[in-house]
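**Student:** Got a predicted structure plus its sequence, pasted below:
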Amino acid sequence: MSLTLKPRHKRFAIIIGGLIAVVLAAVLILNALNSNIALFVTPSEVAAGKAPQGQAFRIGGMVKEQSVKRDGLTVHFVITDMVKDIPVAYTGILPDLFKEGKGAVAQGRLDANGQFVASEVLAKHDENYMPPEAKHALEQAQKNGSKP
């Protein structure tokens, strides 16, 4: 006994199979994009508990003066938006332009102690440049922090 499908049923099976393939591809693409997204958060937002929990994100601002301490390959420093300070630990080689009092963006996660453990640190590339999101965040934090 052979199983033969009518042409109408074959078309229906092909359409259903195609729809399943498209939905599966969309789910895989969205999952990959979601796992690679790193939201930008200011030190004030981190201090307020608005940072993503268990997810990588970016924190940006100024490297606080006299906060850079080296412990072997690990560098500890403080990122500030002039209102709140967040301690950062980074193991690796810092960019050449990384300096105290200059803008920086770090990507990583918060640990259980509230310290930001960076997997990547970016520094501005010239004297006049600051990443737009970091500049905006600094302006917003200063404006919100100066309110009574």
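**Tutor:** Cool, the structure landed. In this text the structure is predicted, and so the values were computed from the model without any measurement.
**Student:** Just name the shakiest helix or strand of this structure by mean pLDDT.
**Tutor:** Lowest by mean pLDDT, DSSP states H and E among the helices and strands of the chain is helix 132-145, with a mean of 70.
**Student:** In the chain, where's the longest helix?
**Tutor:** Taking DSSP state H as the criterion, the chain has its longest helix at helix 7-36.
**Student:** which of the residues in the helix or strand following that one are buried?
**Tutor:** Downstream of helix 7-36, the next assigned helix or strand under DSSP states H and E is strand 39-41. Using 16 or more other C-beta atoms under 10 Å as the test for burial, strand 39-41 gives 40, 41. For the C-beta atoms, the positions are set from N, CA and C on the backbone; glycine is no exception.
**Student:** what's strand 39-41 packed up against?
**Tutor:** Under the contact criterion of 3 or more C-beta pairs under 8 Å, 6 or more residues apart in numbering; DSSP states H and E, strand 39-41 touches strand 57-63, helix 132-145.
**Student:** Now with 7 Å, please.
**Tutor:** strand 57-63 (3 or more C-beta pairs under 7 Å, 6 or more residues apart in numbering; DSSP states H and E).
**Student:** Following the strand it packs on in sequence, what is the next regular element?
**Tutor:** strand 69-71.
**Student:** Residues touching the following helix or strand past that following strand, excluding its own?
**Tutor:** Sequence order places strand 74-80 as the next helix or strand after strand 69-71, per DSSP H and E. Defining contact as C-beta atoms under 7 Å, 6 or more residues apart in numbering, one finds that strand 74-80 is touched by 43, 59, 61-64, 67-69, 85-91, 94, 104, 106.
**Student:** from those, which would you call buried?
**Tutor:** 43, 59, 61-64, 67-68, 85-90, 94, 104, 106.
**Student:** got the domain boundaries for this protein?
**Tutor:** 7-36, 39-145 (automatic domain parsing).
**Student:** Can you flag the weakest of those by average pLDDT?
**Tutor:** With a mean of 84, domain 39-145 has the lowest mean pLDDT of the domains of the chain.
**Student:** wait, doesn't residue 43 sit right on residue 85?
**Tutor:** Yes. Contact between residue 43 and residue 85 holds when scored by C-beta atoms under 7 Å: they sit 6.2 Å apart.
**Student:** Could you report the distance from residue 68 to residue 27?
**Tutor:** 44 Å (C-beta to C-beta, to the nearest Å).
**Student:** Good, wrapping up.
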